[in-house]
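> Whatever this is, show me its structure:
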Amino acid sequence: MGKTYEAIDGRLREFIEAQPVFFVASAPLAADGHINLSPKGHNGSLQVLDDQTVAYLDFGGSHAETHAHLRENGRITLMWCSFSGPPNIVRVHGDGEAVYRDDPRFEELIPLFAEADGPGVRAVIIVRAKLITDTCGFSVPLMDYREERPLLREFLGRKTDEEFAAYCESKEHNATSIDGLPALPLPLPPRKS
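This next block holds a predicted model:
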């Protein structure tokens, strides 16, 4: 049933790109640290960069656990599951890195996300695959996708870049994770474009 793949290509890439939601998991090194699992969405916010690398836009929120875990140890897993069509679950286990607004690579990467780029992007998260797998997904329920939720884009769209930076600084778990690890580097650099 489950398979391991050498590359994100062909039908595997098509499957990943067709899913409207994916999940991100990360964890600190401490045995008593909190594991983080987050749903991600927004059309166009994830791109397959090559057969070993995916990237997604990180939008502002009240926590920055993934940032803390990537800064501490780099471990990350992305998962996609089929809620319609044939059952399937795909996971990319890898090393992750946050590319922040003041990194020259940010300006090179952000045009790849033209459809999804907008207010409130804190970073581009790059994941380099170490293990690519799929499993059957027989127990994943069938659900119908209706539409994108515009709430985050609308909320962040009402803020200037300066107000967004202040918002990031005001949240208790943006600079520091719930386990006390350094998370989002603040102050948030302004967008160049």
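
> Check the offset of the longest strand along the chain from the chain's centre.
Taking DSSP state E as the criterion, the chain has its longest strand at strand 121-135. Strand 121-135 sits 8 Å away from the centroid of its parent chain (Cα atoms, centre = their mean, to the nearest Å).

> So which elements touch it?
Helices and strands touching strand 121-135, by 3 or more Cβ pairs under 8 Å, 6 or more residues apart in numbering; DSSP states H and E, are strand 3-5, strand 53-59, helix 65-72, strand 75-81, strand 89-100, helix 104-109. Where C-beta positions appear, they are placed from N, C-alpha and C, glycine not excepted.

> Any idea which of the ones you listed gets closest to residue 173?
Closest to residue 173 of these is helix 65-72 (Cβ to Cβ; 7.3 Å).

> got any ranges where this protein has weak pLDDT?
1, 193 (pLDDT under 70).

> again, only using 90
Along the chain, segments meeting pLDDT under 90 span 1-2, 41-42, 115, 118-119, 192-193.

> Point to the residue nearest the middle of it.
The structure's the chain has its C-alpha centroid closest to residue 56; by Cα atoms, centre = their mean the separation is 4.8 Å.

> Surely it and residue 125 touch.
Yes. With contacts counted by Cβ atoms under 8 Å, residue 56 reaches residue 125, the gap being 5.4 Å.

> Give me the common contacts of those two.
Contact criterion Cβ atoms under 8 Å, 6 or more residues apart in numbering; residues shared by residue 56 and residue 125: residue 24.

> returning to that earlier point: for the residue nearest to the centre of the chain, which residues count as its bridge partners?
Per DSSP bridges, the residues bridged to residue 56 are residue 46, residue 125.

> Look up how far residue 180 lies from it.
26 Å (Cβ to Cβ, to the nearest Å).
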